[in-house]
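Visitor: quick one, fold the following:
(2 chains)
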2 protein chains.
Amino acid sequence: MATVARINGQAHRLDEVALSALDHGFLYGNGLFETLRATNGVAFALDRHLRRLTGSAAVIGLPAPQVDWLADEVRAALADAGEADAYVRLTVSRGPGAPGPDPSTCGAPTVVIVVRPFPAAPSAWWERGLSLVTSPIRRNPFSPLTRLKSLNYLECILARQAAKAAGADDALFLDTDGYLAEATAWNLFLVESGRLLTPDAQGPILPGITRGIVLELATGETGAYEPARLRAADEAFLTNSLYGTVPLGTLDGCRVGGAVPGPVTRTLADAYENLRRAHCGM
Amino acid sequence: MATVARINGQAHRLDEVALSALDHGFLYGNGLFETLRATNGVAFALDRHLRRLTGSAAVIGLPAPQVDWLADEVRAALADAGEADAYVRLTVSRGPGAPGPDPSTCGAPTVVIVVRPFPAAPSAWWERGLSLVTSPIRRNPFSPLTRLKSLNYLECILARQAAKAAGADDALFLDTDGYLAEATAWNLFLVESGRLLTPDAQGPILPGITRGIVLELATGETGAYEPARLRAADEAFLTNSLYGTVPLGTLDGCRVGGAVPGPVTRTLADAYENLRRAHCGM
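Guide: All right, here's what the predicted structure looks like:
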């Protein structure tokens, strides 16, 4: 796996150690990240990702670098890597400080950008749709972290591991009140009698960049929806920044909707992919 | 600040970089930690801390090293440091892997032990008691992380920062159902007509080592308690492994109980400190 990185503005080989063991990103998960797809050296929706990152940084009191500098760093990392189709991970952590949960002891934040070849989606995702199982872990509306892409990602790791052990692709989170929330790395949409529905971004979900673009490409309603609505939907799909729009096939072993992909999923997947290709000069 | 570390079995200076930027402890908060106090080179309740760590590791699928090896490493770090009174932080993270939320790509876990001089408790804690404000963040009974001391510590950081900005020492978490849970780095006890009460460890709290020792030193009841019980308590105190047993002074600006410390707090603080001193050969 060819993989390159930039750390704090410098190119690095990833097999060398590069971080302080006192980085509060490591000690306390104090930091944020973004995951993007880049084609022909162009990261799609980079501006939206960086605006989300800096907006989230303000919420947690993280002195993130300026958007323009971060954008230049992402472009430099992509130029270093030279991958035609790339996965990009941008991490901004609180940086090294004193051991103890006081971020005011930290100096400058740590910025890590990793670029690797883009991992292709399994063809089964389009042939049979993603399979989800409902996680016993539920999203907490009383935590600001639910709405941030932070380094506190272990709930998603655990939920996905359990889903894979149960033979599924990923886990579906409800919120603590029992309403539909999201999958571990995907936002959720359903189609009901021609209406496009998705859990409200005011609820305990990560407001995904692709989710936002889909809601610009099509008229959608947002709200709090019970799981029965998803089980009875005409079709459903999932969105994220790596894979765009992917049909949902089953929930807890039961089929959702009819043919995969459904017609709304197909239309929106094409519209999103056309937008992305145009942006990346394809 | 004299500070020493051991990383993966080797002594390190802490001003050198030592971690991979692909450590899943950094990328995803996939890891655990323990915080201990050591006097005369002896870490108090080390066996209990290591049993909790390895038990938690099994919950999240982290292949932690054996307890005996970890204990030897903590002792080696304390010998390196030579501090008469020391703060010890032991971190075990998932180790370096491929970027992407799949821990099966990781190799051996990363073990970091940091030793620094013990930070003395502010004398005000014993003169007026700790001051807490109720956090808007609530503990999630549907997340396994609530009961683990994981690298996903950002909720505690944010809650404590907000509490300090409001002029208090720390934040009190309720759970999502509105019952008393814990403070960010403390378990909570209250005394009501001579009865010692503490939130049940089956609920959404971290089962603290000091909490467990206090419940061996005194007969206590565990359950789900509404915040009004705390506001009306005869006395209340907080426990953690660094400071033992510390009186609560105020909650949301209102005094809790009478004189600080209350008689039960004083008795249990002395009993705990005597136990710790005997263990550490003082």
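Visitor: shouldn't A:Ala77 be within a strand?
Guide: No: using DSSP: H, G, I helix; E, B strand; the rest coil, the secondary structure at A:Ala77 is helix, not a strand.
Visitor: quick check: it touching A:Arg116?
Guide: No: applying CB atoms under 8 Å, one finds A:Ala77 not in contact with A:Arg116, separated by 10.6 Å. All C-beta spots, glycine's among them, are computed from the backbone N, C-alpha and C.
Visitor: so those two - more neighbours on which side?
Guide: A:Ala77 (26 against 20; other CB atoms under 10 Å in any protein chain shown).
Visitor: look up how far A:Lys149 lies from A:Ile213.
Guide: For A:Ile213, the distance to A:Lys149 (CB to CB, to the nearest Å) stands at 16 Å.
Visitor: swap in A:Arg116?
Guide: For A:Arg116 relative to A:Lys149 (CB to CB), the value is 18 Å.
Visitor: please apply the same query to A:Ala269.
Guide: Counting by CB to CB, the gap from A:Ala269 to A:Lys149 is 23 Å.
Visitor: same for the longest helix anywhere in chain A, what does it pack against?
Guide: Scanning chain A for the longest helix, with DSSP state H as the assignment, gives helix A:263-279. For helix A:263-279, the packing partners by 3 or more CB pairs under 8 Å, 6 or more residues apart in numbering or on different chains; DSSP states H and E come out as strand A:31-39, helix A:209-217, strand A:235-240, strand A:244-251.
Visitor: what pairs with the helix or strand where A:Leu132 lies, parallel or antiparallel?
Guide: Using DSSP states H and E, A:Leu132 falls within strand A:130-139. With DSSP bridges as the test, strand A:130-139 is paired with strand A:170-175 (parallel), strand A:244-251 (parallel).
Visitor: okay, and the beta partners of the closest residue to A:Ala183 other than its chain neighbours?
Guide: Closest residue to A:Ala183 apart from its sequence neighbours, by CB to CB, 6 or more residues apart in numbering or on different chains: A:Asp170 at 4.8 Å. Judged by DSSP bridges, the bridge partners of A:Asp170 are A:Leu132.
Visitor: so for A:Ala165, which of the helices and strands packed on helix A:263-279 sits nearest?
Guide: Among the helices and strands packed on helix A:263-279, the nearest to A:Ala165 by CB to CB is strand A:244-251 (16.2 Å).
Visitor: in chain A, where is pLDDT below threshold?
Guide: Within chain A, the set of residues satisfying pLDDT under 70 comprises A:1-2.
Visitor: residue at max distance from the center of it?
Guide: No residue in chain A sits farther from the centre than A:Ala98, which is 30.6 Å out by CA atoms, centre = their mean.
Visitor: and the nearest residue to that one once chain neighbours are set aside, how many neighbours does it have?
Guide: Of all residues not flanking A:Ala98 in the chain, A:Thr105 sits nearest, at 3.9 Å (CB to CB, 6+ apart). The tally of other residues near A:Thr105 (other CB under 10 Å) stands at 16.
Visitor: quick one: stretch A:106-115 near chain B?
Guide: Yes: Stretch A:106-115 lies within reach of chain B by CB under 8 Å from any CB of the partner chain, at A:112, A:114.
Visitor: show me where the stretch 51-200 of chain A has its strands.
Guide: A:85-93, A:110-117, A:130-139, A:170-175, A:180-183, A:187-192, A:195-199 (DSSP state E, counting those that start in this stretch).
Visitor: tell me the most buried of these?
Guide: Highest mean neighbour count of the strands of the stretch 51-200 of chain A: strand A:180-183, a mean of 26 (counted as mean count of other CB atoms under 10 Å in any protein chain shown).
Visitor: report the contact partners of A:Gly82.
Guide: The contact partners of A:Gly82, by CB atoms under 8 Å, 6 or more residues apart in numbering or on different chains, come to A:Gly41.
Visitor: nearest to B:Thr198, of the strands of the stretch 51-200 of chain A?
Guide: Here strand A:130-139 is closest among the strands of the stretch 51-200 of chain A (CB to CB), at 25.0 Å.
Visitor: A:Ala81 against A:Ala5, yeah?
Guide: No: when contacts are counted by CB under 8 Å, A:Ala81 is not listed as touching A:Ala5 (9.2 Å).
Visitor: overlap in contacts, these two.
Guide: Common neighbours of A:Ala81 and A:Ala5, using CB under 8 Å, 6+ apart, are A:Val115.
Visitor: list the contacts of stretch A:248-268.
Guide: Here stretch A:248-268 makes contact (CB under 8 Å, 6+ apart) with A:126-134, A:168, A:172, A:188, A:191, A:194, A:196, A:214, A:217-218, A:227, A:230-231, A:233-238, A:245, A:247, A:269.
Visitor: just the buried ones from the residues you listed, in ChimeraX syntax?
Guide: Burial among the contacts of stretch A:248-268 is assessed by 16 or more other CB atoms under 10 Å in any protein chain shown; the matching ChimeraX selection reads:
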select /A:126,129,130,131,132,133,134,168,172,188,191,196,214,217,230,233,234,235,236,237,238,245,247,269
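Visitor: list the contacts of stretch A:195-206.
Guide: Contacts to stretch A:195-206, defined as CB under 8 Å, 6+ apart, come from residues A:139-141, A:143, A:146-149, A:175-176, A:179-182, A:187-191, A:207, A:211, A:214-215, A:218-225, A:229, A:264.
Visitor: next, the distance between the ends of that stretch.
Guide: Using CA to CA, to the nearest Å, the end-to-end distance of stretch A:195-206 comes out at 22 Å.
Visitor: and the closest residue to A:Pro63 other than its chain neighbours, how close does it get to A:Val115?
Guide: Nearest residue to A:Pro63 in three dimensions, chain neighbours excluded: A:Pro109, at 6.0 Å (CB to CB, 6+ apart). Note on A:Pro109: its distance to A:Val115, by CB to CB, is 20 Å.
Visitor: A:Pro96 now?
Guide: Distance from A:Pro96 to A:Val115, by CB to CB: 24 Å.
Visitor: then A:Phe173?
Guide: 29 Å.
Visitor: identify the residues contacting A:Leu180.
Guide: Counting by CB under 8 Å, 6+ apart, the residues that A:Leu180 touches are A:172, A:174, A:188, A:199, A:224-227, A:229-230.
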